[in-house]
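S.K.: Task: produce atomic coordinates for the following.
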Amino acid sequence: ACPLRNRGHNVRLPPSGDQSRALTHRAAFAPRLEATVFVTVHANASTAAAVYGAETYYMSLDESATDAHAAATADLENRADGGGSSRSALDLILWDLAQAAVLNESAELALAVQARLNHQGGRPDRGVKQAPFVVLTGATMPAILVEVGFLSNPDEAQQLNSSDHQRQLAEAIALGIDDFVRAR
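M.R.: Model prediction:
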């Protein structure tokens with residue numbers, strides 16, 4: 001059962017096999033569906049195996065990031081795009097204008113989801129950050145990327161593989177989305 005559907009929200013997931021699509025195309029379907037929010041969920045990695053916890057990102061308009069870790073995370077995920085992220089200057093200008101209008105709402109959505117993830121207990125608050133994630137490009141509604149944990153941390157990787165833990169994460173993310181949508 002989908003926690004958001006249980007709260008009366010219409011949920012649309014990308015088609016099966018979306019993993020092979022260019023990152024820039026993943027958010028492109030959301031405006032066509034007139035989505036209220038766009039949320040993409042990922043698992044993180046770090047060169048330091050001790051790092052763990054969830055963090056939530058929203059787009060940075062000026063290609064800068066909150067900190068070096070945020071910049072490295074965005075760079076790593078953007079490189080996974082396989083070259084599908086080439087954009088013309090006009091595309092970038094139009095995207096900047098559209099994204100600027102929803103930037104504050106994206107920050108509010110990120111804060112709501114991160115707050116719910118923090119209530120899970122036993123996990124550090126890695127916070128809300130900004131970074132230029134290609135996967136958020138094209139979203140003209142509040143859009144966030146949720147890093148649910150670190151696969152590079154052996155203990156957290158084991159948790160992330162647990163169906164029970166996955167349900168808890170899904171419930172926390174759903175509660176955060178629900179909090180945001182109901183406050184609008």
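S.K.: what ranges do the helices span in the protein?
M.R.: 3-6, 23-26, 29-32, 68-79, 89-118, 154-160, 163-183 (DSSP state H).
S.K.: pLDDT averaged over the third one, what's the number?
M.R.: When pLDDT is averaged over helix 29-32, the result is 78.
S.K.: which other residues reach that helix?
M.R.: The contact list for helix 29-32 (C-beta atoms under 8 Å, 6 or more residues apart in numbering) reads 12, 14, 38, 138-141, 143. C-beta: built from backbone N, CA, C; applies to glycine.
S.K.: cool, the last one as well?
M.R.: Applying C-beta under 8 Å, 6+ apart, the external contacts of helix 163-183 come out as 2-4, 6-7, 9, 36-37, 39, 41, 54, 108-109, 112-117, 119-120, 142, 146, 148-149, 159-160.
S.K.: Okay, now the unreliable bits of this structure?
M.R.: For the chain, the stretches flagged by pLDDT under 70 are 15-27, 62-65, 71, 78-89, 91-99.
S.K.: Quick test: name the residue nearest the centre of it.
M.R.: L145 (1.0 Å; C-alpha atoms, centre = their mean).
S.K.: what sits against that one?
M.R.: Counted by C-beta under 8 Å, 6+ apart, L145 has contacts 39-42, 56-58, 77, 133, 135-136.
S.K.: Neighbour-wise, which one of those residues leads?
M.R.: Of all the contacts of L145, the highest neighbour tally under other C-beta atoms under 10 Å goes to Y57, namely 30 neighbours.
S.K.: I'd like to know how far the closest residue to that residue other than its chain neighbours sits from G122.
M.R.: Nearest in space to Y57, with sequence neighbours left out and distances taken as C-beta to C-beta, 6 or more residues apart in numbering, is L145 at 4.5 Å. Distance, L145 to G122, by C-beta to C-beta, to the nearest Å: 23 Å.
S.K.: Nothing else from me, thank you.
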